[in-house]
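K.L.:
Need a 3D model of the following:
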Amino acid sequence: MSADIERLNARAREIAAVETAKLIERTNVSKQWYDRALKSMPMGVGSSFQQGDPYPIYIKEGKGSQVWDVDGHQYLDTHGGFGCMVIGHAHPKVAEAICKAAQTGTHFAAPTPDAVLLAEEICDRYDMEQVRFCNSGTEATMHAIRIARAHTGRDHVIKIEGSYHGHHDTVMFSVVPGADVLGGRDQPNTTPMSLGTPKWLADYTHVVPFNDLTVLTNLLEERGTDMACLILEPVMMNIGTVIPAPGYLQGLKDLLAKHGVVLIYDEVKTGTSLARGGAGDRFGVRPDLTCLAKATFGGTPGAAFGGNGEIMSTILRGAAQQGTFNGNPLVAAAGLATLTEVLTADAYKYFDSIGTRMAQGCQKAIEDNGLPAHTVDLGAKGCVSYRPTPLQNYRDFLDTNVELYAASYPWMINRGLFMTPGDEEQWTLSVQHSEADVDRYVDTFAALCSELTR
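P.N.:
Residues are numbered from 1 along each chain as shown. As a prediction, the model looks like this:
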């Protein structure tokens, strides 16, 4: 490590220590809720991803681009519910749709007209022939993999090293592997993420790098007839943001088709946020199946998967796909209002405008202060990655500077910027964010950059 980086990291640790002490001082009520929650929930949270350092900020209200915590502090929200809230909080059109559904029946376990209309809208946006509903991104990827296996009659699955596709066993491998267990670049190890994952399942899940067709080609030439599908985020978002290299997605699609392997896009994060038809629309390469959740359903617990009609018809021939709450009236109403009334063509033009404003402003602050970092701009989604050059794959992410993120999180929180609790996440902007909101974020980040290098 160079002397300059050592000095920068030492300064980052100083800022992190001071700002963390301030955060603890100003969030006493969150700490009280955390201590109370520890008695009834592991880690004091409903999902391990909600954990914070030293504890999570407990939120009581959201409106527009703002959220308020239990201590009464107001924040500009760039967390966005891990990317769900591109419509902003309590959007009037979505709130109205949910209230109407709540007043006329929240659950029937029977099909409704809104569910049909929502299915038609999703099929139109994503060039799908058929779609099915479920309740979370995890369910969507689980069901898509199952019907891919049923369609091909094969059992093995390929995933990208360092990608997260939900918490079902098949994909709980090589999500955040440490450098000591990666294996070789040409033959990455299949490493379990969680205790409780059956050891034998590692033989059925195969790992390849993002933005690399060579390792995949070798795997398919050796064992292509065993492989049911490959699942990937078309823009890798478990490690910040990694853009697909020119030609990568098309090359991937052609290679898989040659071997009869189903291509599944996990668009849980990218879907509906990057473009009207998600990353498939933005980059011009459509998969066989697409998985959706988060932003598509307006902040409600909805999800979907669909695509090629022949593959989806496997459900008619015995591939199980069901769920009591699939397509329920609340989710259907929220999703329909989100897609037809809020996330219009004008919304995506606005995302492009404010997203570029955000990324360029942060990039200027980085360059003005000579920091080893870069920004990524994808409209409503973007990030600062603490590495000088753009990432190409997971192994690049292991080179990012965690000290700089550790300073940035409490710094931004203490100045009223609510952000995700991890350097692997992105910011999310919404239709209710203003240019003034973006400028506030940029100014606060620029002040951090200056403080890091003074």
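
K.L.:
which residues in the stretch 1-150 of the chain form helices?
P.N.:
Assigned by DSSP state H, counting those that start in this stretch, the stretch 1-150 of the chain shows helices spanning 3-26, 28-37, 80-83, 92-104, 113-126, 137-152.

K.L.:
Ok, which of the ones you listed comes nearest Met237?
P.N.:
The closest of the helices of the stretch 1-150 of the chain to Met237 is helix 80-83. By Cβ to Cβ, the value is 8.0 Å. All C-beta atoms are positioned from the backbone trio N, CA, C, and that covers glycine.

K.L.:
Centre of the chain to that closest one, how far?
P.N.:
How far helix 80-83 lies from its chain's middle: 8 Å, per Cα atoms, centre = their mean, to the nearest Å.

K.L.:
do the same with stretch 322-336
P.N.:
The answer for stretch 322-336 is 21 Å, by Cα atoms, centre = their mean.

K.L.:
List the buried residues in it.
P.N.:
Using 16 or more other Cβ atoms under 10 Å as the test for burial, stretch 322-336 gives 323, 325-336.

K.L.:
now for that stretch, what's the gap between its first and last residues?
P.N.:
One end of stretch 322-336 sits 21 Å from the other (Cα to Cα, to the nearest Å).

K.L.:
And the contacts of that stretch?
P.N.:
94, 97-98, 100-102, 104-109, 111-112, 114-115, 117-119, 121, 132-135, 139, 296-302 (Cβ atoms under 8 Å, 6 or more residues apart in numbering).

K.L.:
can you check stretch 137-146 too?
P.N.:
132, 134, 157, 165-168, 170-171, 228-229, 231, 264, 266, 268, 289, 291-294, 303-305, 319-321, 323.

K.L.:
before we move on, back to that, present the helices of the stretch 1-150 of the chain as TSV; the columns should include mean neighbour count and mean pLDDT.
P.N.:
What follows is the helices of the stretch 1-150 of the chain, written out as TSV (neighbours: other Cβ atoms under 10 Å; pLDDT from 0 to 100):
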stretch	mean neighbour count	mean pLDDT
helix 3-26	15	95
helix 28-37	16	97
helix 80-83	22	94
helix 92-104	16	97
helix 113-126	18	98
helix 137-152	24	98
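
K.L.:
so which of those helices gets nearest Asp443?
P.N.:
Across these, closest to Asp443 is helix 3-26 (Cβ to Cβ), at 16.9 Å.

K.L.:
now the angle from that closest one to helix 28-37?
P.N.:
Comparing the axes of helix 3-26 and helix 28-37 via axes from the mean of the first three to the mean of the last three Cα atoms, to 10 degrees yields an angle of 80 degrees.

K.L.:
helices or strands up against helix 3-26?
P.N.:
Helices and strands in packing contact with helix 3-26 are listed as helix 402-414, helix 435-453; criterion 3 or more Cβ pairs under 8 Å, 6 or more residues apart in numbering; DSSP states H and E.

K.L.:
Now that helix - C-alpha only, CSV.
P.N.:
Provided in CSV are the C-alpha atoms of helix 3-26 (Å, rounded to 0.1, in the frame of the first residue of the first chain):
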residue,chain,number,x,y,z
ALA,A,3,2.1,6.1,1.6
ASP,A,4,-0.7,8.3,0.1
ILE,A,5,-3.3,5.5,0.5
GLU,A,6,-2.1,4.8,4.0
ARG,A,7,-2.6,8.5,4.9
LEU,A,8,-6.0,8.6,3.2
ASN,A,9,-7.1,5.5,5.1
ALA,A,10,-5.8,6.9,8.4
ARG,A,11,-7.8,10.0,7.8
ALA,A,12,-10.9,7.9,6.9
ARG,A,13,-10.6,6.0,10.1
GLU,A,14,-10.4,9.3,12.1
ILE,A,15,-13.6,10.6,10.4
ALA,A,16,-15.4,7.3,10.9
ALA,A,17,-14.6,7.3,14.6
VAL,A,18,-15.8,10.9,15.1
GLU,A,19,-18.9,10.5,13.0
THR,A,20,-19.9,7.2,14.5
ALA,A,21,-19.7,8.7,18.0
LYS,A,22,-22.0,11.5,16.8
LEU,A,23,-24.4,9.0,15.2
ILE,A,24,-24.7,7.1,18.5
GLU,A,25,-25.3,10.3,20.4
ARG,A,26,-28.1,11.5,18.1
